[in-house]
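> how would this look folded up:
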Amino acid sequence: MSDKRVFLIVLDSFGIGEMADARQYGDENVNTLRSVAASSCFHVPHMERLGLFHIDKVADEQVIREHMTVPETEITGCYGRLAERSCGKDTTIGHWEIAGLVSPRPLPTYPQGFPAQVLEEFSRRTGRGVLCNLPRSGTQVIQEYGDAHMRTGDLIVYTSADSVFQIAAHEEIVPVEQLYEYCRIAREILRGEHGVGRVIARPFEGPAKGPFVRTPRRHDFSLEPPGVTMLDQLSGAGKSVIAVGKIQDIFAGKGITEHVYTSGNEEGIRRTLEYLERDFEGLCFVNLVDYDMLYGHRRDVEGYAGALTAFDERLPEIMGKMRPEDLLMITADHGCDPAYTRTTDHTREYVPLLMYGKNLKPGNLGTRDTFADIGATVLQYFGIAREIEGEPLLPH
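Modelled structure (predicted):
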């Protein structure tokens, strides 16, 4: 028998409808899938054939029914709807929950900026002052503070609705490796009460007085998961755990045996196809970030729809390279409804789960009460007794 492999692909922020507690998170009547389905750029026949439109409640939306062409009897995958049990709607705890670690408390956020004692310690250790210290759009904050940063050398520190401490610096003023070192300092400071999910380096470039543009050398410094995840259990059992995209950063490398960063969806898909050609036994865990970073937060419905269509067009290639023992899982970590204009934040939504394998019997998985069922299912597939949250979804 050939080695078993699982390819777990996270379509970052691809929610499929608000959860019952969405209002507690400032969200009302949000639905990422419904919003993008209204676009003429939206066409996902291969995900439809895996069961996307037959997931619980999805077809309650008229705009979805207008896309439906495949009857339930012709569905080729297993499909279900997953609720988030963790308190929050951010990238870090969403991925942690997928891996079986539920967060009963949200990670800290700073809508009024970071407290003085945090910034004073940060400035003392870096030798640089701080600009901004407010929630800001990453593309706007460098236009607003970039010139002052270049004149003074002070670092642009900002946050968002997420649990993040972001540091922007011009690459000619602060070399990228130095910026990374400042992020490591911030990561050491931001623990315990102020343990944000991620410290993010945001390098940029451009002439004095701008305009400024961010460079692709972003790097995340994540809080280490505070408990056991499926990644730990897989690698502990001698399986490969391959991280593609920002998975390495989200888990702070914990439980990961190999990783590769990507510049966006296209490279993420290409790397996945390369790993499909490789021999290994274990998990290839992929994050495709563009839906969230380029389209969700920027409230770009057409761009989001087009990016989903582009992924769907590559699905036959991905599935065509799968071996008989391979399992494909497609899901998301939260929502980010690009048509929701009250905020530009993530949205509290259910996420889809689509599973496909040449030996997997298609069927409806219903609505599950935690993303952690994914991690439990991966461990079940490899015959590993789970030490994580969640219930497995495969037949016993």
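
> surely Tyr158 meets Ala168?
Yes - here Tyr158 reaches Ala168: they are 7.1 Å apart, a contact under C-beta atoms under 8 Å. Yep, even glycine has a C-beta here, placed from its N, CA and C like the rest.

> Tell me who's in contact with the nearest residue to Ser160 once chain neighbours are set aside.
Nearest non-adjacent residue to Ser160, counting by C-beta to C-beta, 6 or more residues apart in numbering: Pro135, 5.4 Å away. Shown in contact with Pro135 (C-beta atoms under 8 Å, 6 or more residues apart in numbering): Tyr110, Pro111, Gly113, Tyr158, Thr159, Ser160, Ala161.

> thought the last one was touching Leu107?
Okay, so that is Ala161. No - between Ala161 and Leu107 there is no contact under C-beta under 8 Å: 11.5 Å.

> quick one: the strands in the stretch 101-250 of the chain?
Taking DSSP state E, counting those that start in this stretch as the criterion, the stretch 101-250 of the chain carries its strands at 130-135, 155-159, 164-170, 198-205, 213-214, 219-222, 240-244.

> from the chain's centre, how far out does the shortest one sit?
Shown here is strand 213-214, whose average C-alpha point lies 21 Å from the average C-alpha point of the whole chain (C-alpha atoms, centre = their mean, to the nearest Å).

> re earlier: spell out which residues are contacts of both of Tyr158 and Ala168.
Gly138, Val141.

> Now do the helices in the chain.
Residue ranges of the helices in the chain, as given by DSSP state H, are 32-37, 45-50, 62-65, 91-98, 116-126, 138-152, 176-189, 230-236, 247-250, 265-276, 290, 301-320, 373-381.

> nearest to Phe204, of those helices?
The closest of the helices of the chain to Phe204 is helix 138-152. By C-beta to C-beta, the value is 4.9 Å.

> Select, out of the helices of the chain, the one closest to Phe212.
helix 138-152 (4.3 Å).

> what comes up buried for the closest one?
Gly138, Val141, Ile142, Gln143, Glu144, Tyr145, Gly146, Asp147, His149, Met150 (16 or more other C-beta atoms under 10 Å).

> Could you do stretch 234-252 as well?
Residues of stretch 234-252 classed as buried by neighbour count (16+ other C-beta under 10 Å): 234-235, 239-252.

> same check, this time on stretch 200-220
So, applying 16+ other C-beta under 10 Å, buried residues of stretch 200-220: Ile200, Ala201, Arg202, Pro203, Phe204, Gly206, Phe212, Arg218, His219, Asp220.

> Looking at the residues you listed, spot the one nearest Asp3.
Asp220 (30.6 Å).

> Endpoint to endpoint, stretch 162-179 covers what distance?
Stretch 162-179 stretches 21 Å from its first residue to its last (C-alpha to C-alpha, to the nearest Å).

> can you check stretch 16-27 too?
Terminal-residue distance, stretch 16-27 (C-alpha to C-alpha): 14 Å.

> Low-confidence stretches in this structure?
1-2 (pLDDT under 70).

> now with 50?
Scanning the chain with the threshold set as pLDDT under 50 gives 1.

> returning to that earlier point: and the buried residues of stretch 200-220, which two are furthest apart?
Maximum pairwise distance among the buried residues of stretch 200-220 (C-beta to C-beta): 22.6 Å, between Gly206 and Asp220.

> For burial, what's the neighbour tally of Pro115?
If you count neighbours by other C-beta atoms under 10 Å, Pro115 ends up with 12.

> Over to Gly127?
Other residues near Gly127 come to 8 when the count uses other C-beta under 10 Å.

> hmm, back to that, quick one: which of the buried residues of helix 138-152 is nearest Ser39?
Among the buried residues of helix 138-152, and counting by C-beta to C-beta, the member closest to Ser39 is Gly138, at 24.5 Å.

> partners of the nearest residue to that closest one once chain neighbours are set aside in the sheet?
Nearest in space to Gly138, with sequence neighbours left out and distances taken as C-beta to C-beta, 6+ apart, is Arg202 at 6.0 Å. Counting by DSSP bridges, Arg202 forms beta bridges with Ala168.

> give the contact list for the residue of the chain most remote from its centre.
What lies farthest from the middle of the chain is Arg151; by C-alpha atoms, centre = their mean that is 35.4 Å. By C-beta under 8 Å, 6+ apart, Arg151 lies in contact with nothing.

> Next one: it from Ala243, what distance?
39 Å (C-beta to C-beta, to the nearest Å).

> cool, Ser160 as well?
For Ser160, the distance to Ala243 equals 24 Å [C-beta to C-beta].

> if I pick the nearest residue to Val157 once chain neighbours are set aside, what's in contact with it?
Nearest non-adjacent residue to Val157, counting by C-beta to C-beta, 6+ apart: Val130, 4.8 Å away. By C-beta under 8 Å, 6+ apart, the residues touching Val130 are Leu119, Phe122, Ser123, Asp154, Leu155, Val157.

> Kindly state the beta-bridge partners for Val130.
Leu155.

> nearest to Lys321, of the buried residues of helix 138-152?
Closest to Lys321, out of all of the buried residues of helix 138-152 and judged by C-beta to C-beta, is Gly138, at 35.4 Å.

> thinking again about what came up before, got CSV for the buried residues of helix 138-152, with distance to Ala305 too?
Shown next, in CSV, are the buried residues of helix 138-152 (distance: C-beta to C-beta, whole Å):
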residue, distance to Ala305
Gly138, 23
Val141, 27
Ile142, 28
Gln143, 28
Glu144, 30
Tyr145, 33
Gly146, 32
Asp147, 36
His149, 36
Met150, 38
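
> And those residues, which is closest to Asn364?
Gly138 (39.6 Å).

> just checking, the closest one touches Val164?
No - counting by C-beta under 8 Å, Gly138 does not reach Val164; the two are 9.9 Å apart.
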